[in-house]
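1. One predicted model, sequence on top.
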Amino acid sequence: MLTLSLFIIPLIAGLVLLNIKNKGLASSISLVVSIIQIAVFVYAFSVFKDKSALLTFDKPWLSDFAIRFHLGLDGLSLIMVGLTVVLVSIILLAIKNLNYENIPKLLGLILLTEAALVGVFSAKDIFLFYFFFELALVPVYLIANLWGGENSSKITFKMFIYTVFGSLFMLISFVLLYMRGQSGDIESIKVTVSLLPNLIKQILFWGLLLAFSIKMPIFPFHTWLPDAYSKSPTPATMLLSGLLSKMGVYGLIRILLPFAPSGIQLYGEIIIILAVAGLVYGSIIAIKQNEIKRLIAYSSFAHMGLMAGAVLTLSVTGLQGAIFQMVAHGFNAVGLFYIAKIIFDKTGSRSLTTLGGMTQSAPVLTVMFMLVLLGSVALPLTNGFVGEFLMLKAVFDFNHVIGILAGLSVVFGAVYMLRFFQKTMYGPSNDITIKITDIGTKEMMVLVPIVIVVLLTGVFPNLILDISASFVNSLGVLNK
Amino acid sequence: MLYLGLSVSKKSLLPINLAFLLIGLLSGFIDWNAPGLYFNNMVEVSNTLILVQSVVILAAILVAGLSSKLFEDAIDHPAEYYALMQFAVVGALIMVSFQNLIMLFVGLEILSVALYVLAGSDKRNLRGNEASIKYFLMGAFATGILLFGIAMFYGATGSFDINSGSSVANNLPEGKIFFWIGLIFIFIGLLFKISAAPFHFWTADVYQGSPTIFTAFMATIVKTAVIFALYRLAVYSFSFEYDNWSKFLVIIIGLSMIIGNLTAVYQSNFKRILAYSSISQAGFMLLSLIGLGEQSFGNLGFYTLSYAFATISGFGVFLIVSNDQLVDGRPNENINVFNGLFKRNPDLAVILLISMLSLSGIPLTSGFWSKFFVLNDAATKGYLWILIVGIVMSAVSLYYYFKPIRATFGSTESESITVSAIAKATLYVCAAMTVLLGVAPNLFRGLF
């Protein structure tokens, strides 16, 4: 029931907000919903260990097809749902104070995205998973189109077609699975999957992989990403990079690993090479970027590559690292995009060549930026370090050469992030940057929680790793 | 209805028309739970057939609900057109419940003749005249083939009753060749009407030329009637030869999906897009003939209903928007007519979005379930490749279904659009039902 309410509350609130015109009322509704969601999640978290029956919701949906409306939380789902709930609350808080038109509708669409994401991360039935996987994209598509700039309809169209095209291959796989087992339940499919004929196993592996690798994305399916991230309005970018891309990694862990283990054994190495190639390639391009949103976009793409590679090594460290990094990257990406938006609003520019010297007029912003940035460059005692370290170790154990190449990305990451910082905050200030005002309480209310998470999970990574360990150990398809 | 035009004012026509259709819809349910054969074994009545007939009448009601504006100012003699629509509905109702091949022919003719006239009802439009004559010639040709097939069937079995098909196999081995000729010709005749590839060439021109409101009528009601006629034949007359004809039919289905979808990608006229999409939708509907299991009838019923809601709301939005923006005195039919719809009338834009999502089969709209049901049905019969073709083609269809949606986000200088109350209600019903059936498909499907 708790899981259901985590899904229902934002759904209803989102639909209500779409029909509200008053900005103040809408803001307070979204605030209340955020608080309720976090409270429900905290309660769910506290009963997770001993009363997990409270967390499932199971009703027949299409009885003659044995398709059920089945939501539930295990270790992985709990982390992902927590990430969704907290991050969406932060995004809502951030959006309210930005100067967008028609804020109530924007908040409503974000809440609808939250509902769909909770659905994805807690679905226990493959069809339910597929529905929410598709559904999450629709509100983001609308946000990107309605609040985007001139070219946004063309760019989001590409993103939409690309990802839906990928998920249709997931649907092919799911229908094949369903026809064999006559059930959509993830747990019962896991049992029957090893009995499938070889051809079906191959189709399953490639179909599912295609869907998830477009969603994350990993090389070479990333071409929709740079434009979509940089040209979309900031709320859409935050949702895409912070949460929607995680659906791909989650899909890899939840669906691909148990459903197509033989495919990973056979082709895993090729995919890891592609993922790491994307990681290096994304990092190098990020170094050359002058447009700050594009820079963060490419760095996001690079991080996703490492996560995919780590998951496919089929090792406990790799999986733990990827799960941890999903949370870390979610917060870091949202923080960075928010700072980029602040910089743009204050200076009217997103180009590194025209910015500089902001630290003189905005010291607080500089400090907050530095803290979020340290998480992204994986400095020890920040959240980025734990994830990257575990993932790099897994990839290195898998294959030393690939591991060393992947390790380069940490160096590159430091280069492009510090260049970003240096070219905006330090250096000579110009006419525009000298006049800007520092950030106030409104912005601090968004950035402080992010910074707290960055440091807290960096110092105490076991907060997350302990929960995910129970899931990873029960997965049963890992090496060793 | 025909005589109403003489005395009653134009305004009262639509309510009267709707009232008659509603009476028809309700009176169908008088025979609920009273299955049997009526009129000397000419038509069958059963609960499932009543449901199908309700789909037909419901579609007619929805189309009529959209027609208010059109008839007020565009056409000279609205009463006649309403009467013709009623005739066409009668023909469609006969076609879904015939027990005797003569009735199939009669029903098809009532339906077709009315539509030949309706297709050309906009007399000042050259394309309309072209559409009408094309539809008439092609339709007459198809009817001839169908009639020839029925004659062969009679020659082989000695009866017009649809149940007599199976007697050939047992009694008359030498008549089998005639039976086969009959079967093939009947199939071809009806596939013409449903515009399955390779019998689809008339579709795009006719859809484009006809007044939009009758295009919607054709796309939904004719397709529904013909597919159910085919289904009845497949079950009652031809099922014992299933193994032989299904191999060919599945190729026709694959062709319809591929040709329909790939051609639609290159169109810029919205009506032509929907025409080609309707070819591929016909392919999907025919999948239930491949399935031909216990649930196939319900699947087909669900498919036609969800298709009717999605298509009618799509055409409805288009009708309103295109009449609002004239090019050379004619409604603009290009996709760019939707430009900036989100700013001009967000409700219409959302309805269009739902309609297009449903047609392309995105989950949580009824279109997803309808495609899932028929594809799953066909795949259980062992035709795995058609499942993959179907899904890949759905992916292709996304491209052209999203063209109009993309346009709605564009910028515009035009002012907002107002919609008449009755059309608005119709569109809301369509969109709401599309989502409702998408969330809870068993609401309707469970009835079968």
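-> Ah, there it is. Numbering: from 1, shown residues only, chains lettered A, B, ... in the order given.
2. Is stretch B:265-279 positioned near chain A?
-> No - Stretch B:265-279 is not in contact with chain A by C-beta under 8 Å from any C-beta of the partner chain; minimum separation 11.6 Å. Heads up, the C-betas are built off the backbone N, CA and C, glycines and all.
3. So what touches that stretch?
-> B:195-197, B:200, B:203-204, B:206-208, B:212, B:215, B:219, B:223, B:256, B:259-261, B:263-264, B:311, B:314-315, B:318, B:322, B:333-335, B:337-338, B:359, B:396-397, B:399-401, B:403-404 (C-beta atoms under 8 Å, 6 or more residues apart in numbering or on different chains).
4. Buried subset of these as a ChimeraX selection?
-> Remark: buried members of the contacts of stretch B:265-279, expressed as a ChimeraX selection using 16 or more other C-beta atoms under 10 Å in any protein chain shown:
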select /B:195,196,197,200,203,204,206,207,208,212,215,219,223,256,259,260,261,263,264,311,314,315,318,322,333,334,335,337,338,359,396,397,399,400,401,403,404
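5. Averaged pLDDT, the longest helix along chain B. What do you get?
-> Secondary structure of chain B per DSSP state H: the longest helix is helix B:126-157. Averaged over helix B:126-157, pLDDT sits at 87.
6. Show me what that helix is packed up against.
-> Judged by 3 or more C-beta pairs under 8 Å, 6 or more residues apart in numbering or on different chains; DSSP states H and E, helix B:126-157 is in contact with helix B:101-119, helix B:165-171, helix B:176-194, helix B:203-209.
7. any idea which of those scores lowest on pLDDT?
-> Taking each of the helices and strands packed on helix B:126-157 in turn, the lowest mean pLDDT turns up on helix B:165-171, with a mean of 64.
8. Report the residue spans of the chain with pLDDT below the cut-off.
-> Picking chain A for this. By pLDDT under 70, the weakly predicted segments of chain A are A:51-53, A:476-480.
9. think we crossed wires, I meant chain B
-> Chain B contains residues with pLDDT under 70 at B:1-13, B:68-78, B:165-174, B:329, B:412-414.
10. hang on, the earlier thing: and the contacts of stretch B:265-279 near chain A, which?
-> residue B:399.
11. circling back to that earlier point, how far off helix B:176-194 does the longest helix of chain B point, in degrees?
-> Per axes from the mean of the first three to the mean of the last three C-alpha atoms, to 10 degrees, the angle that helix B:126-157 makes with helix B:176-194 is 160 degrees.
12. chain center to helix B:126-157, what's the gap?
-> Taking the mean of its C-alpha atoms, helix B:126-157 sits 18 Å from the chain's own mean (C-alpha atoms, centre = their mean, to the nearest Å).
13. mind listing what's buried in it?
-> Going by 16+ other C-beta under 10 Å, helix B:126-157 has these buried residues: B:127-128, B:130-132, B:134-136, B:138-139, B:142-143, B:145-154, B:156-157.
14. and of the helices and strands packed on helix B:126-157, who's closest to residue A:277?
-> Nearest of the helices and strands packed on helix B:126-157 to residue A:277, taken as C-beta to C-beta: helix B:203-209 at 45.6 Å.
15. re earlier: quick one, the longest helix of chain B and helix B:101-119 angle?
-> Taking the same axes, to 10 degrees, one finds helix B:126-157 and helix B:101-119 inclined to each other by 170 degrees.
16. circling back to that earlier point, now, the contacts of stretch B:265-279 that are in helices?
-> Per DSSP H, helices hold the following members of the contacts of stretch B:265-279: B:203-204, B:206-208, B:212, B:215, B:223, B:256, B:259-261, B:263-264, B:311, B:314-315, B:318, B:322, B:359, B:396-397, B:399-401, B:403-404.
17. I'd like to know which elements the longest helix seen in chain A is packed against.
-> When chain A is parsed with DSSP H, its longest helix is helix A:316-347. If you count contacts as 3+ C-beta pairs under 8 Å, 6+ apart, helix A:316-347 packs onto helix A:75-96, helix A:234-239, helix A:245-251, helix A:292-312, helix A:363-376, helix A:383-398, helix A:441-459, helix A:462-475.
18. In JSON lines: these, plus distance to residue A:280 and mean neighbour count.
-> Putting the helices and strands packed on helix A:316-347 into JSON lines (distance: least, C-beta to C-beta, whole Å; neighbours: other C-beta atoms under 10 Å in any protein chain shown) gives the following:
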{"stretch": "helix A:75-96", "distance to residue A:280": "27", "mean neighbour count": "24"}
{"stretch": "helix A:234-239", "distance to residue A:280": "23", "mean neighbour count": "27"}
{"stretch": "helix A:245-251", "distance to residue A:280": "19", "mean neighbour count": "25"}
{"stretch": "helix A:292-312", "distance to residue A:280": "8", "mean neighbour count": "28"}
{"stretch": "helix A:363-376", "distance to residue A:280": "17", "mean neighbour count": "21"}
{"stretch": "helix A:383-398", "distance to residue A:280": "12", "mean neighbour count": "24"}
{"stretch": "helix A:441-459", "distance to residue A:280": "25", "mean neighbour count": "18"}
{"stretch": "helix A:462-475", "distance to residue A:280": "27", "mean neighbour count": "17"}
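19. Among those, which comes closest to chain B?
-> Within the helices and strands packed on helix A:316-347, the stretch nearest chain B is helix A:234-239; the backing value is 12.9 Å (C-beta to the nearest C-beta).
20. Name the surrounding residues that touch the closest one.
-> A:91, A:94-95, A:98, A:100, A:106, A:110, A:113, A:140, A:143-144, A:147-148, A:156, A:229-230, A:293, A:297, A:333-334, A:337-338, A:340-341.
21. again with stretch A:125-133
-> Contacts of stretch A:125-133 (C-beta under 8 Å, 6+ apart): A:61, A:67-71, A:116-117, A:119-120, A:123, A:167, A:170-171, A:174, A:177-178, A:184-186, A:189, A:215, A:247, A:251, A:254-255, B:363-364.
22. Next step: those restricted to strands.
-> Within the contacts of stretch A:125-133, residues falling in strands by DSSP state E are A:61, A:67, A:68, A:69, A:70, A:71.
23. Farthest-apart pair in those, please.
-> A:67 and A:71 (13.5 Å).
24. who's more crowded, the two?
-> Taking neighbours as other C-beta atoms under 10 Å in any protein chain shown, residue A:67 and residue A:71 compare with residue A:71 leading, 27 against 20.
25. any idea how far the more buried one is from residue A:125?
-> Residue A:71 is 9 Å from residue A:125, where distance means C-beta to C-beta, to the nearest Å.
26. Now for these two: what residues contact both?
-> With contacts defined as C-beta under 8 Å, 6+ apart, no residue is adjacent to both residue A:71 and residue A:125.
27. can you list the residues of chain B near chain A?
-> B:295, B:342, B:357, B:362-364, B:372, B:375-376, B:379-380, B:384, B:387-388, B:391-392, B:394-395, B:398-399, B:402, B:406, B:409-410, B:441-442.
28. Tell me which of these fall in helices.
-> Using DSSP H, B:342, B:357, B:372, B:375-376, B:379-380, B:384, B:387-388, B:391-392, B:394-395, B:398-399, B:402, B:406, B:442 are the members of the residues of chain B next to chain A that sit in helices.
29. what's the host helix or strand of residue B:250 in contact with?
-> Assigned by DSSP states H and E, residue B:250 falls within helix B:242-264. Applying C-beta under 8 Å, 6+ apart, the external contacts of helix B:242-264 come out as B:183, B:187, B:191, B:196-198, B:200, B:204, B:234, B:238, B:272-273, B:276-284, B:286-287, B:289-290, B:292, B:378, B:381, B:383, B:385-386, B:389-390, B:393, B:396-397, B:400.
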